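Prediction below, plus the sequence it came from.
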Amino acid sequence: MPIYLYWGDNDFALTQAVNELRQSVLDPNWLSFNYDRIPPDQSDAVIQGLNQAMTPPFGMGGRLVWLVDTTVCQTCSENLLAELQRTLPAIPPESILLLTSHNRPDGRLKSTKLLQKHAKIKEFPLIPPWKTEELVQQVKSYAQTTGVKLTPLAAELLADAVGNNTRQLANELDKLRLYAGDETTSLDERAVATLVTTTTHNSLQLAGSILKGDTHKALGLIADLINNNEHPLRIVATLVGQFRTWLWVKLMISEGEKDIKVIANAAEVGNPKRIYFLKKDVQHLSLDQLMATLRVLLELEVSLKRGADGLSTLQTQVIKLCQICR
C-alpha cells in the first residue's frame, strides 16, 4: 500500500516508524533524488506532496514523500478534497506517500474517510502514566525487541523509572543490553536500580504525596515536573486518573464489596492484585474527602484551560488537595 497515515503524541515511536519506513523504501545512493520532506508551513504542502508522489523514482529504490504535521484530517477544502480523490488511487506502487500528525483524524471529514479507504493508518499513543500495567507491558515488549531479558520485578522497576517516556526506555534498554553482554540469564531489579536513570519525578509520585497530605513534598514535585517541561494539563490528567481510581475503590469498599475482581473491574484496574495496595492507600480517607479532591481537580483543569499560569495554579490547588487529604 503506497499511502500511510501515522498519528499520535508518542513522538519517539512515531519517528522510529518513519525511519523504518524510509529505510525500507529508499536506496541510500539515490536518497537526495527520491526523498521529499515537506513541512506544514508551505501553503501548498499537500498539493506539492501529491505531485511528488506521482513522480516516478530516479535510479534504484522507491520514492518517499513525507507530509509532516499535516492538517488534512482536521480541515480540508473542497478543491483539496477533489485533488485527493483524483490522486490517491493513482499513486504508483513504487512511490510512498506518508502523512503524519499529532492530532486524531476527524472521522467526520471526507478527507479522513478517503484516507481510511486508501491508506494504512497507525496510531502512536502515549500510555497514560497511571496505567501501570500497560507501562510494564510496554517495557516487556521493547525489551523483547531489543533482546534484553528482564525478570518481572526488573520490568516493573524499569517501568516505574521511565514512565511513558519511550525515548528514555529505548536508551535505558540499550544500556542494559550492553551491560548484559553475552549473559543469558535475566537481569534482575538490582541491575536496573544500579544502571537506570530514574525520571526525576512523575505525576504519580505527586498523587501519592497529595494523598498523604504532604504539602512540602508535593510542592517540590510540582516544581520538578514543571522544570522538566511536563505540561500542567498532563499532570492534571494523571492526578484525575489516579484519584478517580482511588475513589472507585473506596466507593466499592463502602458498599460492602469484597470481591477484588469486581472492585478492579469497577475501578478499571487491569491487575486485581493491585486492589490490596489501593485499599491500603485510601483506608485513612473518607468517601467525602475523595469526592472533594475530584471537585478541586476539576476546578484546576478548568482554570488551566482558561489560560491561568500553570505553576502558581497547580501550587494553589495542590495545597487545597493536601489539606483535604489530611
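Arrived safely, thanks for sending. Residues are numbered from 1 along each chain as shown.

What strand or helix carries Leu98?
strand 95-101 (DSSP states H and E).

Now do that strand: everything it contacts.
2-7, 14, 18, 21, 25, 49-50, 53-57, 62-74, 88, 91, 115, 119 (C-beta atoms under 8 Å, 6 or more residues apart in numbering). (C-beta placed from N, C-alpha, C; glycine too.)

now swap in stretch 148-166 and tell me
Residues contacting stretch 148-166 (C-beta under 8 Å, 6+ apart): 10, 12-13, 126-129, 132, 135-136, 138-140, 142-143, 168-169, 172-173, 176-177, 180, 184-189, 191-193, 196-199, 202, 204.

Okay, now the sheet partners of the strand holding Leu98, with direction.
strand 3-7 (parallel), strand 63-67 (parallel) (DSSP bridges).

how about those strands, which one is nearest Pro105?
strand 3-7 (6.3 Å; C-beta to C-beta).

Surely Gln48 is in contact with Arg37?
No. In this structure Gln48 lies outside contact range of Arg37 using C-beta atoms under 8 Å: 11.3 Å.

Out of the strands paired with strand 95-101, which is the most enclosed?
Looking across these with neighbours counted as mean count of other C-beta atoms under 10 Å, the highest average goes to strand 63-67: a mean of 25.

Downstream of that one, the next helix or strand is which one?
helix 78-87.

Now do the buried residues in that following helix.
Leu80, Glu83, Leu84, Thr87 (16 or more other C-beta atoms under 10 Å).

quick one: the third one from His118, how far?
Spelled out, that is Leu84. 9 Å (C-beta to C-beta, to the nearest Å).

What of the second one?
Remark: distance between Glu83 and His118 (C-beta to C-beta) = 13 Å.

again, but for the last one
Distance check for Thr87 against His118: by C-beta to C-beta, it reads 10 Å.

So for Gln168, what pLDDT did the model give?
Note on Gln168: pLDDT of 87.

Tyr142 too?
93.

Look up how far Pro93 lies from it.
32 Å.

who's more crowded, those two?
Ranked by neighbour count (other C-beta atoms under 10 Å), Tyr142 and Pro93 place Tyr142 first, with 19 against 8.

Can you report how many residues neighbour Asp155?
For residue 155 the amino acid is Ala, not Asp. Ala155, neighbours per other C-beta under 10 Å, totals 23.

Could you do the one 10 residues further on as well?
Residue neighbour count, defined by other C-beta under 10 Å, stands at 17 for Asn165.

do you know how far it is from Ile253?
34 Å.

With Pro272 instead?
For Pro272, the distance to Ile253 - C-beta to C-beta - is 14 Å.

Run through the bridge partners of Tyr4.
Here Tyr4, judged by DSSP bridges, has bridge partners Leu98, Lys120.

Begin at 59, not 1, for the rest of this chat.
Taking 59 as the first residue, the last one we looked at is Tyr62.

Would you check how far apart it and Asn87 are?
23 Å.

Give me the residue at the spatial middle of this protein.
Leu184 (0.9 Å; C-alpha atoms, centre = their mean).

Ile149 against Pro60, yeah?
Yes. Using C-beta under 8 Å, Ile149 makes contact with Pro60 at a distance of 4.7 Å.

can you count the residues close to the closest residue to Leu84 other than its chain neighbours?
Distance criterion C-beta to C-beta, 6 or more residues apart in numbering; nearest residue to Leu84, sequence neighbours excluded, is Gly119 at 5.1 Å. Look at Gly119: counted by other C-beta under 10 Å, it has 19 neighbours.

and what of the one 10 residues further on?
Burial of Thr129, expressed as a neighbour count using other C-beta under 10 Å, amounts to 16.

And the one 5 residues further on, by the same measure?
A count of neighbours around Cys134, defined by other C-beta under 10 Å, yields 20.

cool, and Arg364?
8.

so how far is Thr371 from it?
Taken as C-beta to C-beta, the span from Arg364 to Thr371 is 10 Å.

Next: Tyr62.
For Tyr62, the distance to Thr371 - C-beta to C-beta - is 40 Å.

Which neighbouring residues are in contact with Tyr62, exactly?
By C-beta under 8 Å, 6+ apart, the residues touching Tyr62 are Leu79, Ile154, Leu155, Leu156, Leu157, Ala177, Lys178, Ile179, Lys180.

Name the member of the residues you listed with the most neighbours.
Leu156 (26 neighbours).

And it, what's its pLDDT?
For Leu156, pLDDT reads 96.

Then Asp317?
On the pLDDT scale, Asp317 gets 88.

Give me the longest helix you can find in this protein.
helix 290-312 (DSSP state H).

by contact count, what packs against it?
helix 261-269, helix 273-285, helix 318-325, helix 332-340, helix 345-363, helix 368-383 (3 or more C-beta pairs under 8 Å, 6 or more residues apart in numbering; DSSP states H and E).

what is the mean pLDDT for the longest one?
Put plainly, it is helix 345-363. 93.

So what touches it?
Contacts for helix 345-363 (C-beta under 8 Å, 6+ apart): 268, 290-291, 294, 297-298, 301-302, 304-305, 308-309, 312, 340, 368, 371-372, 375, 378-379, 382-383.
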